[in-house]
Structure formats: C-alpha cells, structure tokens
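> Below is the structure, and that's it, no one-letter string:
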C-alpha cells in the first residue's frame, strides 16, 4: 500500500521516524516545487538517497573530495565500456584507485547529505511505495535514520521548525532511558546538557533556567532529541500528574497511532490503538480510530462491526455515525446508512454540510431523486464558503437526473471554478454537454478531465461514446479499451459497443466475448442478446 501525504501536515523527519519504527522496506519519494528526491529503506534502515538534477554521482563526488583524480575516473569509465555489468565504484576499487572502505565512507556521506537537504523541504508531497528497491547504484549502505535525524536537527536554524514540535515553554518531556542505553547515537554538548535534566517534571522554561542556556539552544536540543524519538512529551506543567504513569504511556500509544494513521501506515496504527483497548476496553477514541482505519483499508464488514460497537457506547459523536454510514453505503446497505446519517444529525451534526451531503448521496443511490435534491440543496446553505467538490458532483447529478439540465450545468460550471483540477466535475460537464447535444464541448470537457486524472474510467467511456456517436470507431475502441482496463465492471453498454466495433472489424469471436460479458453484467440487456442470436443464426 502506498503512503502519501503533504509535508505541511507531516514533516520529513516525522515520516522517516515512522518508516524506521515500522521497519518498512521501499522507496520514499519527495517533491518540492520542481525538485524531486528519494530515499530507499530496507527494514527501516536507509540504504540509498539522491536528489534529481543534483550532481551527486559517485565519480563526481570522489573527485570533489580529492579521493580520486579525473584521469582515474576516466580509466574506470573506459573499463566499464568493456565490463558493463561492473559498477563504477567496484571498478575504482578493482583498479586500485580507492579502497572499498574509503568508497563506502564517501557513499555514506553522499547519501547523508542528500537526506539533510531533503530535511529542509517543508512544502511539497511525499509518497512511499513498499517493496521497491534501488536500481543500479554503486554501493548501498545501512544507516539508522535516527542518527540522521539528530544531525539534521543540529542543522535547523529556524525557530519556526522547532515550534512545530515544541509549541510552548510549559511542555514537559520525559526521556526514553531504555532506548538511550540501547542505541549508540552521538549527542551534541547541548543535547547532553539538556537531557540530564529531562525527568518528566521540568517544563521547557525550567530547562532553560537550570541549564543556563538561551531558549533557542534549549529548543534546538529538545527538537533533536524529540525528532530521534529519545524523549517524548508527557503533558504541560499546569496539569502534569506524575503519578499517572499508565495515562502517560497510553497517550504515547495514542499519539503514535494517530501519527501512523495520518501517514497511511495503517497496520502499525491498528497495533497502537489496539494496545490502548488492552489498557481500557471503554476507550471510545481508540474504537473510533480502529473503525476509521478498517474503513481506509476497505475492510467494510470489519469497519462496520467496529464502528457499530463504538456507536453503541455513551457519548458517540456525529463523525462516528457519518463514517459508519460510509461503510454501510459501500456494502449496499443504503437504508441502514441513511439511518446512521439521521442519527448523526441528532447527535450534534444537524448543521454539518458533510453529513447532509451524504444524506443526499445515499438518497440518490436509493433512487429518491427528489429527496436527494432536497438534501443537497439544504447542504448548500450550510457550507461556510465554497462547497466540497463532492457536493458539486452529486448536486449536478441529481439535477440532471431530474431532467433540469440547465441547473445541472450551472452547478457543475460553478464547481469547476472552485475546484478546477477535479476530473469528476469535468466528467459531469462532459455528460451534461452530451445530453444537451453539445458534442464538441462535451469532448473538450472529457479530455480536460483526463489531463487531471487519466485513471478515471468513466472519462474514457464518455470519450468513447462521443467518438462512437461520431462514427470514429477506431478512436472509440481505444477509449473503451482504456475504460474497461481501468474498471472491468464499468458497464454492459461499453461491452455492447466494443462487440459492435469488433464485428465491424470482422473479429467475430472477440465480438461474441464482448456481448457475453455484457450479459454477465446485465442479463436483461436485450441488445447484447439480440446480437448474439444474430451471429449464431448466421453461422
């Protein structure tokens, strides 16, 4: 499963820490404006890192460090022309230009420097793909990410970054002494000075006072220790209860579970929330988050069971019933989903536009067009500013199904103004334009949507329909093929038209397969059945 997110919501050190703790193997790619970097992991340890468009090839780096000469690198490159399976680093060692130990040290420095530079990216996105390994690299290493996080924290020179982890001077930290005694990490003088006074009692202000250091240096030292997961917050001075050790430990599981959940590491998040339930079977928050995680994993039946269990307990919040409704709707239990949504409104969600939008969506799926239109219209006035893209999508769909194409067009065009990169809205616009007979505009809208999301099957189908209508059967065929590759169960009408095109191409057997597939999806499709009978009678 891919793990994706924004660097605004989760800093790169936080993501690295979670991947290390989860002992993940794969590639973490990071984008920042026009820059792109990647870090490879093997069981939670960093093996390689690089930044695109940054000259960090091993040969260039060794010349820059004075470890080899340009002539020696040239000789190794010439040798590689004859020994293509050999890597430059190995050839430099074989030719006696550098020892393997020196090569390894330089590669390690190269990788570390790339990670430190990536640490400075506080905007952009990250994406982790599991079980991806680096292609041909000169040498892989095995680096403990926590050691890099300590050094990266040493290089932090902006208080704004420190503030994200230490928001006020009344925060109290405690140290993980078991971890400190079991890992070999080099601490700065400032980190040593602060650490000896971190005891779960003193807040940051007291640490500043007792160490005699300035606020920035104390904050920077704490930032490094916290980033390396050597200390953890236990509360604030005004309400810290030092005797509540189980409470503190429980909060640690909760915070870790939330961090794993937000970065998409769902199995590890489940483990932390289940530990909370082992400590307190009535922990409503833990039960709710377990249901959310199962929902994100697409385990609908398990999610329903977990959320129903949480909903039966006192104090259940509207969000719980809303998510329960989403899980029920995914399994086709629309009547129960609608009931859960009405429970959400009764539990405090009466003014929540998301809940009312979901009521409209479920009503639409149940065939209650008028009810869906009412619910969506009611949700519109509850949005504090612009509605969500989902609201525009379903509101336009409801209006179109009621035959009010002008209103549907107005809704979707307004939605595109507010959400110009949402492919589903361009798909709506294409479908409405087609129904109004504006075929050229419909094709333009669909093609615009594909530019934003080429994986959306319905867009490929709509483009195929427009080409099919225009008699451009080869282009229609390609579009339909893309559509069914993305979603083999997209619809019986796609397979009917694919069969018709294949018959025109004199591909009779393939046409028959398409029509048979149409009947599998919709046994009452008379056109597919008629075509099959016609072909059978002609043989």
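Received, thanks. None of the values given here were measured: they were computed from a predicted structure.

> any weak-confidence spans in the stretch 151-300 of the chain?
Applying pLDDT under 70 to the stretch 151-300 of the chain flags the ranges 153-160, 212, 214-216, 237-251, 263.

> go again using 50 as the cut-off
Counting by pLDDT under 50, the ranges of the stretch 151-300 of the chain that qualify are 238-248.

> Can you list the residue ranges for strands in the stretch 201-350 of the chain?
The residue ranges that make up the strands of the stretch 201-350 of the chain, judged by DSSP state E, counting those that start in this stretch, are 231-236.

> So what's the residue count around residue 147?
Here the number of neighbours of residue 147 (other C-beta atoms under 10 Å) works out to 16. All C-beta atoms are positioned from the backbone trio N, CA, C, and that covers glycine.

> Tell me the predicted confidence for it.
We note a pLDDT of 81 for residue 147 in this prediction.

> can I assume it is in contact with residue 185?
Yes - here residue 147 reaches residue 185: they are 5.6 Å apart, a contact under C-beta atoms under 8 Å.

> overlap in contacts of the two?
Common contacts of residue 147 and residue 185, defined by C-beta atoms under 8 Å, 6 or more residues apart in numbering, comprise residue 228.

> element containing the nearest residue to residue 400 once chain neighbours are set aside?
Sequence neighbours aside, residue 408 is the residue nearest to residue 400 in space, at 4.0 Å (criterion: C-beta to C-beta, 6 or more residues apart in numbering). Take DSSP states H and E as the rule and residue 408 turns out to sit in helix 405-418.

> do the same with residue 41
strand 35-42.

> which residues are contacting that strand?
For strand 35-42, the surrounding residues in contact (C-beta under 8 Å, 6+ apart) are 16, 19-20, 24-30, 46-53, 114-115, 117-118, 121, 124, 132-134, 140, 142.

> Buried ones in that strand, by neighbour count?
Neighbour counts using 16 or more other C-beta atoms under 10 Å place 37, 38, 39, 40, 41, 42 of strand 35-42 among the buried residues.

> count of neighbours near the residue nearest to residue 342 when sequence neighbours are not counted?
The shortest distance from residue 342 to any non-neighbouring residue, by C-beta to C-beta, 6+ apart, is to residue 359 (7.5 Å). By other C-beta under 10 Å, the residues close to residue 359 number 25.

> How about the one 10 residues further on?
A total of 16 residues lie near residue 369 under the criterion other C-beta under 10 Å.

> Check the spacing between it and residue 18 real quick.
45 Å (C-beta to C-beta, to the nearest Å).

> and what of residue 38?
As judged by C-beta to C-beta, residue 38 and residue 18 stand 17 Å apart.

> Break the chain into its domains for me.
Residue ranges for the structural domains of the chain, counted by automatic domain parsing, are given in the record as 3-143, 147-240, 351-454, 465-539.

> Need the winner for burial among the ones you listed.
Most buried of these by mean neighbour count (mean count of other C-beta atoms under 10 Å) is domain 351-454; its value is a mean of 19.

> Could you tell me the end-to-end distance of it?
Chord length of domain 351-454, first to last residue, is 36 Å (C-alpha to C-alpha, to the nearest Å).

> next one: stretch 340-349
Separation of the first and last residues of stretch 340-349 by C-alpha to C-alpha is 11 Å.

> what do you get for stretch 468-478?
The separation between the terminal residues of stretch 468-478, taken as C-alpha to C-alpha, is 11 Å.

> Kindly report the same for stretch 326-339.
Start-to-end span of stretch 326-339 (C-alpha to C-alpha) is 12 Å.

> what bits of this structure have low per-residue confidence?
Looking along the chain with the criterion set at pLDDT under 50, you get 55, 238-248.

> Which helix runs longest in it?
Criterion DSSP state H: the longest helix present in the chain is helix 100-119.

> Residue 30 - that's part of a strand, no?
Yes - according to DSSP: H, G, I helix; E, B strand; the rest coil, the state of residue 30 is that of a strand.

> Hmm, residue 126 and it touching each other?
Yes - here residue 30 reaches residue 126: they are 5.0 Å apart, a contact under C-beta under 8 Å.

> Between these two, which contacts overlap?
With contacts defined as C-beta under 8 Å, 6+ apart, the residues adjacent to both residue 30 and residue 126 are 7, 12.

> The stretch 251-400 of the chain: helices as residue ranges?
Across the stretch 251-400 of the chain, reading from the start of the chain, the helices by DSSP state H, counting those that start in this stretch fall at 266-279, 284-296, 300-311, 318-330, 334-344, 353-365, 369-380, 389-401.

> Turn the ones you listed into a markdown table, columns for distance to residue 226.
Formatted as a markdown table, the entries for these read as follows, by distance: least, C-beta to C-beta, whole Å:
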| stretch | distance to residue 226 |
| --- | --- |
| helix 266-279 | 18 |
| helix 284-296 | 23 |
| helix 300-311 | 31 |
| helix 318-330 | 30 |
| helix 334-344 | 37 |
| helix 353-365 | 34 |
| helix 369-380 | 42 |
| helix 389-401 | 37 |
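
> of all those helices, which lies closest to residue 522?
Distances from residue 522 to each of the helices of the stretch 251-400 of the chain were compared using C-beta to C-beta; the shortest belongs to helix 353-365, at 17.7 Å.

> Tell me which other helices or strands the closest one touches.
Helix 353-365 sits against helix 318-330, helix 334-344, helix 369-380, helix 389-401, with contacts defined as 3 or more C-beta pairs under 8 Å, 6 or more residues apart in numbering; DSSP states H and E.

> Please identify the buried residues of stretch 453-465?
Of the residues in stretch 453-465, those buried under the neighbour-count criterion (16+ other C-beta under 10 Å) are 456, 457, 458, 459, 460, 461, 462, 463, 464, 465.

> ok now it, how far from the chain's centre?
Taking C-alpha atoms, centre = their mean, to the nearest Å, one finds stretch 453-465 lying 23 Å from the centre of the chain it belongs to.

> Can you list the neighbours in contact with stretch 168-175?
Applying C-beta under 8 Å, 6+ apart, the set of residues contacting stretch 168-175 from outside is 195, 198-205, 208, 215, 222, 225-226, 230-238, 240, 248.

> same thing but 6 Å
The contact list for stretch 168-175, computed with C-beta atoms under 6 Å, 6 or more residues apart in numbering, reads 198, 200, 203, 204, 205, 231, 233, 234, 235, 236, 237, 240.

> Please convert those to CSV, extending it with distance to residue 440.
Converted to CSV, the contacts of stretch 168-175 look like this (distance: C-beta to C-beta, whole Å):
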residue, distance to residue 440
198, 69
200, 70
203, 67
204, 64
205, 68
231, 64
233, 60
234, 65
235, 64
236, 63
237, 68
240, 68
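
> just those now: which is nearest residue 443?
For these, the nearest to residue 443 is residue 233 (56.2 Å; C-beta to C-beta).

> which residues does that closest one contact?
By C-beta under 6 Å, 6+ apart, the residues touching residue 233 are 171, 173.

> Specify the beta-bridge partners of the closest residue to residue 124 other than its chain neighbours.
Beyond its immediate neighbours in the sequence, the residue positioned closest to residue 124 (C-beta to C-beta, 6+ apart) is residue 32, lying 3.7 Å away. For residue 32, the beta-bridge assignment (DSSP bridges) gives partners residue 35.

> For the remainder of this discussion, apply numbering that starts at 895.
With the count now opening at 895, the last piece we talked about shows up as residue 926.

> And residue 1091, which helix or strand is it part of?
When elements are defined using DSSP H and E, residue 1091 is found to belong to no helix and no strand.

> Relative to residue 903, which of the contacts of stretch 1062-1069 is nearest.
The shortest distance between residue 903 and any of these, using C-beta to C-beta, involves residue 1127 and amounts to 18.8 Å.
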